[in-house]
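Participant: Output the structure for:
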Amino acid sequence: MEDIFVAGVGLTPLGRFKEETVKSLAAAAVQEALSDAGCELTCIETIFYSSSTSGFLQGQTFVPGQIVMREMGFQGIPIYNLENACASGTSAFNLAVQSIQAGTCDIALAVGAEKMNIDDKDKMFAVFDGGWDIETVEQNKEALLALGDGVEIPQGSMSDQSYSVFMDVYAAFSRFHMKTFGTTQRQIAAVSAKNHQHSVYNPKAQFRESYTIDEVLASRPISYPLTLPMCAPISDGAAATVVCNSEGLARIANDGARAVQVKSSVVQTSSRRAADDYEHHITALAAKRLYEQAGIGPQDIDVVEVHDATAMGEIIQVENLQLVEFGEGGPAAERGDFTVGGRIPVNPSGGLESRGHPISATGLAQIHELVTQLRGEAGRRQVDGARFGLQENGGGLVGIEEAVAALSIFAAPRI
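Facilitator: So this is what the prediction gives:
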């Protein structure tokens, strides 16, 4: 990994963009990444592309990458289409790294783009229905929702509106953690308030309104203990990353002074485990591989971007990543440990909850944030002296956990 770099990153603003298309969003992110790297379009040798929802929502079921990239002028090179649910973008990044390591190219491009907001709201929400085994839907629900049993649900804390069943699943994960470790709704709200406060200083974020913990708790209920600000929105947007080795870096205009080193990158698939076997959670296992590959440990990490599809996700993942002990994520959040200026800043971008969650672009948006942080270019959300950044991104569900997890560690330029 000592010879793998992120030379350039691009990210569109995230939000609801009626006039934009997958093509226009992808083009904006790719152009920004190429410009950031000082890289001409003709320097790209391989592309790994993901747009997980475009087949269902726009009907582009086959060869979306070839079609979107051709519009920009890419032709004649290998272009691969990838779907790994919410971890698609970072899976594309991992394959770009592997391709360079294998010697098949010196400069690769990872792209994720989604146009998720459409007029047909039923279809828009139905896109998530394929995120688990569609042949065992009732069994899936029974197993996952049962995790939340044993916690009293206060009156008025459940929405009477229809949302994706995955909101109830995330709520069940939350209640399981609450009854196991004593995590409180206020601690979960502290994560949400912190992320919304971070996003105020992120010009790319979908939501830039600050919340207090009490305001999060008083917001519209979704599924106890989750309220609306604790949940990621449906987002349009795109992100792109130029990945290269030293030879590739020497061929582009950027002199390498801002190139961020890739210390490690892993993808893990879920496995069977008991619900209380936390040490064998997919992310916990992936994190062990990640640290070993990087040659550093959790104590060395300065800034983190994790997959907070709901605020509870951040608490679960900081524990899996060994940043705190199991069960300590909630108290640490309430103390302010994960705030910029705190012990280990998490989601300075605002996270999925407020930066936004355009499925295939989400993980690459995390990488965009970490590269920005490690370069010292994050402005008022900058983590002082950040040297090592860690990114975690999960997708889909199999059994009682994510189907896939994609994680990476990055080092600041010249480390």
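
Participant: Going along the chain, name the helices of the stretch 301-415 of the chain.
Facilitator: Along the stretch 301-415 of the chain, counting by DSSP state H, counting those that start in this stretch, helices occupy 311-320, 329-335, 351-354, 359-374.

Participant: Mean neighbour count, the ones you listed: which tops it?
Facilitator: Most buried of these by mean neighbour count (mean count of other C-beta atoms under 10 Å) is helix 351-354; its value is a mean of 32. Where you see a C-beta, it was placed from the backbone N, CA and C, and this is true even at glycine.

Participant: just to revisit the earlier point, out of the helices of the stretch 301-415 of the chain, which gets nearest to Ile44?
Facilitator: Each of the helices of the stretch 301-415 of the chain has some distance to Ile44 by C-beta to C-beta; the shortest is helix 359-374, at 15.4 Å.

Participant: How far does that closest one sit from its chain's centre?
Facilitator: Relative to its chain's centre, helix 359-374 lies at 7 Å (C-alpha atoms, centre = their mean, to the nearest Å).

Participant: still on that earlier bit, tell me which of the helices of the stretch 301-415 of the chain lies nearest to Val137.
Facilitator: Going by C-beta to C-beta, the one of the helices of the stretch 301-415 of the chain nearest Val137 is helix 359-374, 20.0 Å.

Participant: Would you mind pulling up the elements that that closest one packs against?
Facilitator: strand 5-11, helix 88-101, strand 107-114, strand 237-244, strand 260-269, strand 303-305, strand 388-398, strand 401-411 (3 or more C-beta pairs under 8 Å, 6 or more residues apart in numbering; DSSP states H and E).

Participant: For Phe207, which of the ones you listed is the nearest?
Facilitator: strand 237-244 (12.9 Å).

Participant: when you compare where the closest one runs with where helix 88-101 runs, what's the angle?
Facilitator: In terms of direction (axes from the mean of the first three to the mean of the last three C-alpha atoms, to 10 degrees), strand 237-244 departs from helix 88-101 by 10 degrees.

Participant: so what's the residue nearest in space to the middle of the chain closest to, chain neighbours aside?
Facilitator: The chain has Gly363 as the residue nearest its centroid, 3.6 Å off, counting by C-alpha atoms, centre = their mean. Using C-beta to C-beta, 6 or more residues apart in numbering and skipping the chain neighbours, the partner closest in space to Gly363 is Thr90 (3.2 Å).

Participant: what does Arg251 give?
Facilitator: Using C-beta to C-beta, 6+ apart, the closest residue to Arg251 is Cys43 (6.2 Å).

Participant: how about the one you found, what does it touch?
Facilitator: With contact set as C-beta atoms under 8 Å, 6 or more residues apart in numbering, Cys43 has these partners: 107, 248, 251-252.

Participant: Narrow those to those that are buried.
Facilitator: 107, 248, 252 (16 or more other C-beta atoms under 10 Å).

Participant: Please report how far the first one lies from Arg186.
Facilitator: Spelled out, it's Ile107. In this view, Ile107 and Arg186 are 48 Å apart by C-beta to C-beta, to the nearest Å.

Participant: likewise Leu95?
Facilitator: The value you get for Leu95 to Arg186, if C-beta to C-beta is used, is 41 Å.

Participant: So for those two, which residue has more residues nearby?
Facilitator: Legend: neighbour count by other C-beta atoms under 10 Å for Leu95 and Arg186, higher for Leu95 (19 against 16).

Participant: quick one, what contacts the more buried one?
Facilitator: Residues in contact with Leu95 (C-beta under 8 Å, 6+ apart) are 48, 80, 82, 110.

Participant: The residue in the chain sticking out farthest from the centre: what secondary structure?
Facilitator: Computed with C-alpha atoms, centre = their mean, the residue of the chain farthest from its C-alpha average is Gln155, at 32.8 Å. When classified by DSSP: H, G, I helix; E, B strand; the rest coil, Gln155 comes out as coil.

Participant: export the helices and strands packed on helix 359-374 to JSON lines and tack on mean pLDDT and distance to Phe125?
Facilitator: Formatted as JSON lines, these follow (pLDDT from 0 to 100; distance: least, C-beta to C-beta, whole Å):
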{"stretch": "strand 5-11", "mean pLDDT": "98", "distance to Phe125": "25"}
{"stretch": "helix 88-101", "mean pLDDT": "98", "distance to Phe125": "19"}
{"stretch": "strand 107-114", "mean pLDDT": "98", "distance to Phe125": "14"}
{"stretch": "strand 237-244", "mean pLDDT": "98", "distance to Phe125": "18"}
{"stretch": "strand 260-269", "mean pLDDT": "98", "distance to Phe125": "26"}
{"stretch": "strand 303-305", "mean pLDDT": "98", "distance to Phe125": "26"}
{"stretch": "strand 388-398", "mean pLDDT": "97", "distance to Phe125": "16"}
{"stretch": "strand 401-411", "mean pLDDT": "98", "distance to Phe125": "20"}
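
Participant: can you pull out the helices in the stretch 101-250 of the chain?
Facilitator: 121-126, 137-145, 165-181, 185-199, 213-217, 246-251.

Participant: Out of these, which is closest to Phe207?
Facilitator: Short answer: helix 185-199, nearest of the helices of the stretch 101-250 of the chain by C-beta to C-beta, at 5.9 Å.

Participant: The closest one to helix 165-181, inter-axis angle?
Facilitator: 120 degrees.

Participant: Mean confidence (pLDDT) on helix 185-199, please.
Facilitator: Average pLDDT, helix 185-199: 98.

Participant: Likewise for stretch 342-355?
Facilitator: Taken as a whole, stretch 342-355 carries a mean pLDDT of 98.

Participant: Just the buried positions in it, please.
Facilitator: Here stretch 342-355 shows 344-355 as buried, counting by 16+ other C-beta under 10 Å.

Participant: Adding distance to Phe181, write the residues you listed out as JSON lines.
Facilitator: Output for these, formatted as JSON lines (distance: C-beta to C-beta, whole Å):
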{"residue": "Ile344", "distance to Phe181": "19"}
{"residue": "Pro345", "distance to Phe181": "23"}
{"residue": "Val346", "distance to Phe181": "18"}
{"residue": "Asn347", "distance to Phe181": "21"}
{"residue": "Pro348", "distance to Phe181": "25"}
{"residue": "Ser349", "distance to Phe181": "27"}
{"residue": "Gly350", "distance to Phe181": "26"}
{"residue": "Gly351", "distance to Phe181": "21"}
{"residue": "Leu352", "distance to Phe181": "23"}
{"residue": "Glu353", "distance to Phe181": "21"}
{"residue": "Ser354", "distance to Phe181": "25"}
{"residue": "Arg355", "distance to Phe181": "27"}
